[in-house]
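Q: quick check, what structure comes out for this input:
(one chain, ligands or ions: 2)
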Amino acid sequence: PKTIYLSEYKVPAHLVDTVDLRFELFEDGARVHSTLSVRRNPESAEVSAPLTLDGDSLKLEHVALNGEELAASDYEETEDQLVIAKVPAQFELTVVTWIEPQNNTRLEGLYKSSGMFCTQCEAESFRCITYFPDRPDVMARYRTRIEADKSSCPVLLSNGNDVEKGDLENGRHFVTWEDPFPKPSYLFALVAGDLVEKKDTFTTCSGRGIDLRIFVEPRNAAKCEHAMDSLKRSMRWDEETYGREYDLDIFMIVAVDDFNMGAMENKGLNIFNSSCVLASQETATDLAFQQIEAIVAHEYFHNWSGNRVTCRDWFQLSLKEGFTVFRDATFSADVGSPTVKRIEDVTLLRTAQFAEDAGPMAHPVRPASYMEITNFYTLTIYEKGAEVVRMIHTLLGPDLFRKGSDLYFERHDGQAVTTDDFVKAMEDASGRNLTQFRLWYEQAGTPMLTVSDDYDAKQGIYRLTIQQSVPDTPGQTGKQPQHIPFALGLLGASGEALPLRLESAQGAANAPEESVLELTEASHTFEFHGLAQKPVPSLLRHFSAPVRVVYPWSREQLVFLMSHDPDGFNRWDAGQRLAVDVIQSLVSSPDVSEIEPRLVEACRALLGDSALDQALVAKMLQLPSEAYLIELADSPDVAAIHRAREQVLSHLATSLRDELVACYHRNAGVGTYEITPESIARRSLRNTALAWLLMINDDAGRELALQQLSDADNMTDRMGALRALVNSDYADERSTALADFYERFQDDPQVVEQWFSVQSSSDRAGQLPQIQALLQHPAFDWKNPNKIRSVVGVFAGQNLSAFHNPDGSGYSFLADQVCRLDDSNPQIAARLVTPLTRWQKFAPAYSSLMRSALERIRDKPGLSADLYEVVHKSLE
Ligand code: HT7
Ligand code: ZN
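A: Numbering: from 1, shown residues only. Ligands and ions are numbered 1, 2, ... in the order given. Modelled structure (predicted):
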């Protein structure tokens, strides 16, 4: 495979103004007639460039220029291009291709899922449908006519508004759609199938009525309400928060079972993975409800951040993804609990994105090169990209940030632009200089902040020194200091917030209790005056920058911050740091007899604290995950980490047994099921208490779990009880519960996915022979990415002690599945291999086996470009 470089970007030699498509859909394939109005790009230096169109797996049937059929000698058809050497300055090109959606297992371009035709064109799969300059800076207006059998495909959808429909011969019919907004080809979409629709309407801020539709298979008709409510909330929020109004007359969502990612923001016709849109109280957990709301919002927000203003090239992917994740995170914070949302986002970032940024595939938020763009839909592009936008928000403040986003949308509406254009709009609107800040887009790696302090009692001065360094990453060394917003507070001995009198603003009457320090140098020292005692620092509040902080916290300070920090995020973080410290010391000295009593007491206090936000309490009672502990360690010994974490957990559960039972009963379900932050917190607390009780094989806990399983009126409680049993040593109860659960929900694919996951993630129920058995289960399907993720992905990503079995069997298993999948769905294969690519991090006993598994994949005949890039980069 070829490497593509940002530095080689050239404007397109030809532009396309309109695209006229006609799809003839049949059981054994589809014929695509495409007519493009093409003109030379006046901005291109290549005045006599041939017309070059991208194509992949197409059978070319016909090419005509201005109505004249071209002879084979007039064009060249290569494996991935159609090149017409001589073309006039402006012309109409017609191309007819034949494709086979029914045999498309890669799920890129036009394919079939449960009998329905659907598309996925981002990033570069429009070329699997027809020949086209398949790059986002070619924006055109599309008109799409779909023809299909009326009984198997009564519903025919594409982007825009429907303008014509009618019947054809042989029981066929057609619908024509017209999208008035110029768009890149990756936003094209088509759906044809036997679907039912949930209807609603939305009146925009300017009084326009918009039809809202969610199309699903008939069996899912009752699972659309939550997504529809989420959509309406998102539409209102984007008007109120960003001044963005919806622009077409109709907004459609379609649910499909086979989908490589979560969802896709095609103009006016979002296509969703069923698991990211369908929900009912009985079948979806609270977490799923929250994720659906966030994903519906995310895709909707793309209508402005991505569709109206799109990316110039794929190096700019974070322009739309980072900004849109920031927008959806703010939305979720506004409609739910802001602290909990921040905790969840930071957990993902610190556990998985930091690991990516320290691994062989580390890349900047704006990468400089890639081989296969689908490998770059990463946590760095999405999550770190969102953190970068968040830091701009922190530096500018909400009003100037809004001014900046208004300017960005106004200046670039209808254009394909760069991350630099985004930053420029923020600079122009605010008057701030973000030159150094741009390094966040260019330099990979997680900056490390080393903080030290001292207190001068005589002068009442507290000095804080912060040193930053950005680690080397593949292809990047000797990095420059970055511009980092560092939010800080200082606490006095009884937990009071102290005024921050920086030397420069000494004597200020109303000194703030929180400040955002701006770090720009390798080392800064800040002096805070007028302090009668040594304060406890509350560092990097709200996680104001995606960095690692090293500071010699004492356990006493952490316990203090856990109960006094006014910043909820830092309270939680102090608890995590304390638990990490306790677990890490057990890893290094396993025979330590006493487990930190202050951790036990802090958890006891939390279990009894009904005044504190219960959602925060629920989060604070979750121990750091094994994945996070592994991420923090050098040469982690996975088995030792697993053992130490379990030891702490069972010590906590044993010491707090009565409090857990009380907490369980206090939070027992009352009244009707609601998706509110309060009731979600209650269910979460109750299920945490249950999990802890079963962890120590407590018989009362066992009874509670069995009772909860039989009484549950919602999936959160049912799954909470099932998970607790599956992770316990009650083997009989576990197998009965699993069998009953399957029996009840076997016809619902989304629930069966959860059933697979609960087993694959469990160190009790998910040892390798059981995982192998799940792959043989009749409900498992190698063509369905969700099923593959819920067994293979969950095993390798969440069942870490089994995956890292010292005999190497977990690695070998993953290598087998990745090789098998590479032939049918290389995109998913390349994602699944990720855990093996981190081999260099692990202790030698693990890393050599991981490397061998990777080498075996590397040597597979016919390795895809997707897998080639990931495997070769990680073995370099
Ligand atoms: N923008 C969408 C990305 C996406 C995608 C990319 C590659 C291959 C398949 C895909 N399905 C969806 C999703 C989003 O971020 O909103
Ligand atoms: Zn997105």
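
Q: how about the residues of this protein by ligand 2?
A: 321, 324 (Cβ under 5 Å from the ion). For glycine as for every other residue, the C-beta is placed from the backbone atoms N, C-alpha and C.

Q: now with 8 Å, please.
A: The chain comes close to ligand 2 at residues 265, 298-299, 302, 306, 320-321, 324-325, 382, as judged by Cβ under 8 Å from the ion.

Q: and residue 706, what element?
A: helix 699-711 (DSSP states H and E).

Q: downstream of that helix, the next helix or strand is which one?
A: Past helix 699-711, the next helix or strand by DSSP H and E is helix 715-726.

Q: pLDDT on that following helix, on average?
A: For helix 715-726, mean pLDDT is 98.

Q: can you report how many residues neighbour the closest residue to residue 353 other than its chain neighbours?
A: Nearest non-adjacent residue to residue 353, counting by Cβ to Cβ, 6 or more residues apart in numbering: residue 379, 3.9 Å away. Residue 379 has 18 neighbours, counted by other Cβ atoms under 10 Å.

Q: with residue 61 instead?
A: Look at residue 61: counted by other Cβ under 10 Å, it has 12 neighbours.

Q: OK, contacts around the residue of the stretch 51-200 of the chain found nearest ligand 2?
A: The nearest approach of the stretch 51-200 of the chain to ligand 2 comes at residue 122, 9.0 Å away (Cβ to the ion). By Cβ atoms under 8 Å, 6 or more residues apart in numbering, the residues touching residue 122 are 186-187, 264.

Q: tell me the SS of the residue of the stretch 251-400 of the chain found nearest ligand 1?
A: Going by Cβ to the nearest ligand atom, ligand 1 is nearest to residue 261 of the stretch 251-400 of the chain, at 3.5 Å. Following DSSP: H, G, I helix; E, B strand; the rest coil, residue 261 is assigned to coil.

Q: surely it is in contact with residue 377?
A: Yes - in this structure, residue 261 is within contact of residue 377 by Cβ atoms under 8 Å, at 7.0 Å.

Q: now the strands: where do they sit in the stretch 251-400 of the chain?
A: Listed in chain order, the strands of the stretch 251-400 of the chain (DSSP state E, counting those that start in this stretch) span 263-264, 269-273, 310-311, 369-370.

Q: quick one: strands adjacent to the third one?
A: In this case it means strand 310-311. strand 416-417 (parallel) (DSSP bridges).

Q: show me which residues of the next helix or strand after the partner strand are buried.
A: Using DSSP H and E, the next helix or strand after strand 416-417 towards the C-terminus is helix 419-430. Buried residues in helix 419-430, counting neighbours by 16 or more other Cβ atoms under 10 Å, are found at 419, 421-427, 429-430.

Q: per-residue confidence at the closest residue to residue 798 other than its chain neighbours?
A: Nearest residue to residue 798 in three dimensions, chain neighbours excluded: residue 761, at 4.2 Å (Cβ to Cβ, 6+ apart). Residue 761 is assigned a pLDDT of 98 by the prediction.

Q: which ones are touching residue 761?
A: Counting by Cβ under 8 Å, 6+ apart, residue 761 touches 794-795, 798-799.

Q: and with 6 Å instead?
A: 794, 798-799 (Cβ atoms under 6 Å, 6 or more residues apart in numbering).

Q: narrow the residues you listed to those in strands?
A: Using DSSP state E, no member of those falls in strands.

Q: in helices, which of the residues you listed fall?
A: Among these, the members found in helices (DSSP state H) are 794, 798.

Q: pick out whichever of the contacts of residue 761 sits closest to residue 387.
A: residue 798 (23.7 Å; Cβ to Cβ).

Q: coming back round to it: also near ligand 1: which of the contacts of residue 122, exactly?
A: Filtering those for proximity to ligand 1 (criterion: Cβ under 6 Å from any ligand atom) leaves residue 264.
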